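A.B. asks: take a look and give me a structure for this.
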Amino acid sequence: MKPARVFTVKGTLVVVLALVAVDGCNVILGNESHELDLGSGGRAGTAMGGRSGESTTAEAGQAEAGQAGVGQAGASNSGSDGAALGGAPDGTAGENSGTGGQTETPTTPLLAPTGVAFTPTSETEGTITWQLVDQATSYTVEIATDTGFMDNRRSVSETGTSTKVSGLKADTLYQVRVRANGSHDRMSAWSTASGTTLLNPPTELKLDLYVSPQGTAVGYSGLLWIENPDDLKNGGAGQKWHYARGTASAKCAAGTTVQYQFDANYDSDARKGYTGFGTTNEAYIVRPTGRVTFYVKARCVGPNNPSKATSEISACRRSDDSGC
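C.D. replies: Model (predicted):
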């Protein structure tokens, strides 16, 4: 029986091989051994496993920058071919070497939100709604008074599919837009809508009625007459008449205008019929012999639409300016 030969590991890499006995710094393979010479850097050569009783040689890898490949280990004293997986013969990774899991970065843009709508709920508030977008993590919502989103623009980020806005102006057309945002800085195109805030009827409508005493008269021109004086067409434009006068007041939202319309009747006679709406808050009728009742309605008028009219209120006075 031949004495066993040994090979010495000269490098810093410790290679653990199947069925290899390690004795100090000597590695014994079956009954024969070879010296494994590893450079200070580079890849380790592949140690090819042999059959039982045959010697195996491991050559040094190329002296490159400090990367060590793991060779295939031969089977010792087994009588079979080496089959352990490891590096390729040139020291590179073997065909079964794993590269580790990788997550592909999404690059597809998100779809634009659908169903965008602006629903005014009052003169100064409204709600913006839209439909859910797949893969969206948030939504950017903007509102402005121009289509270029430069005037009075506000912006908010939401994770749901609606947002409320306040501090708006009455009877004002607003533009809104919504964009979906996703992971990896992805975003969708803008989806737009528009709507006009509401304009409520006036508040605090009041009516004061005054009947002039004898000897006090007014001319015709420049006044709002609920009913023209009977003798006006007989050259009466320059005349003066005793009168009853109704004066109204009301409040509308800032940036809007109050308009009034008046009606009247004497005693139990039929009403004369409402005047058209106008900014004049006073109306006249010839002084009654008995009593007269005035009626008034008001509305607010904004840049886009008028509000609904208020319910009418009334006031009654007698010819002596006493109450009815």
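A.B. asks: quick one: the strands in the stretch 101-250 of the chain, in order.
C.D. replies: Counting by DSSP state E, counting those that start in this stretch, the stretch 101-250 of the chain has strands at residues 117-120, 126-129, 138-144, 154-158, 162-165, 173-181, 191-196, 203-211, 243-251.
A.B. asks: tell me which residues of the fifth one are tucked away?
C.D. replies: Going by neighbour count (16 or more other Cβ atoms under 10 Å), the buried part of strand 162-165 is 163, 165. All C-beta spots, glycine's among them, are computed from the backbone N, C-alpha and C.
A.B. asks: give me the contact list for it.
C.D. replies: 125-130, 141, 143, 154, 156 (Cβ atoms under 8 Å, 6 or more residues apart in numbering).
A.B. asks: T172 - how many residues pack around it?
C.D. replies: If you count neighbours by other Cβ atoms under 10 Å, T172 ends up with 19.
A.B. asks: that one: what's it in contact with?
C.D. replies: Taking Cβ under 8 Å, 6+ apart, one finds 145, 196-197, 255, 302-304 in contact with T172.
A.B. asks: any stretches of the chain with poor pLDDT?
C.D. replies: Counting by pLDDT under 70, the chain contains low-confidence ranges at 1-102, 231-238.
A.B. asks: if we can go back for a sec, let me know the closest of the contacts of T172 to S183.
C.D. replies: T145 (33.4 Å; Cβ to Cβ).
A.B. asks: and that closest one, how far from E282?
C.D. replies: Going from T145 to E282 by Cβ to Cβ, to the nearest Å gives 35 Å.
A.B. asks: residues near the closest residue to L132 other than its chain neighbours, how many?
C.D. replies: Counting by Cβ to Cβ, 6 or more residues apart in numbering, the nearest residue to L132 once its immediate chain neighbours are dropped is T161, at 5.6 Å. Number of residues near T161 (other Cβ under 10 Å) recorded here: 16.
A.B. asks: before we move on, what about S138?
C.D. replies: By other Cβ under 10 Å, 14 other residues sit near S138.
A.B. asks: same question for R245.
C.D. replies: Using other Cβ under 10 Å, R245 has 19 neighbouring residues.
A.B. asks: what's near enough to touch the nearest residue to it once chain neighbours are set aside?
C.D. replies: Closest residue to R245 apart from its sequence neighbours, by Cβ to Cβ, 6+ apart: Y210 at 4.9 Å. Y210 is in contact with 244-247, 317, 321, counting by Cβ under 8 Å, 6+ apart.
A.B. asks: how close does Y210 get to S249?
C.D. replies: Per Cβ to Cβ, Y210 is found 14 Å from S249.
A.B. asks: try K164
C.D. replies: For K164 relative to S249 (Cβ to Cβ), the value is 33 Å.
A.B. asks: repeat that for G115.
C.D. replies: 44 Å.
A.B. asks: who has more neighbours out of the two?
C.D. replies: S249 (15 against 12).
A.B. asks: what comes up buried for the helix or strand harbouring Y260?
C.D. replies: Assessed by DSSP states H and E, Y260 sits inside strand 257-266. Judged by neighbour count using 16+ other Cβ under 10 Å, the buried positions of strand 257-266 are 258-266.
A.B. asks: same question for stretch 104-118.
C.D. replies: 110, 112-113, 116, 118.
A.B. asks: beta partners of F262?
C.D. replies: F262 forms beta bridges with V296, as assigned by DSSP bridges.
A.B. asks: does it touch L223 like I think?
C.D. replies: No: applying Cβ atoms under 8 Å as the test, F262 and L223 come out as separate, 11.7 Å apart.
A.B. asks: distance check, R318 against V116.
C.D. replies: For R318, the distance to V116 (Cβ to Cβ) stands at 61 Å.
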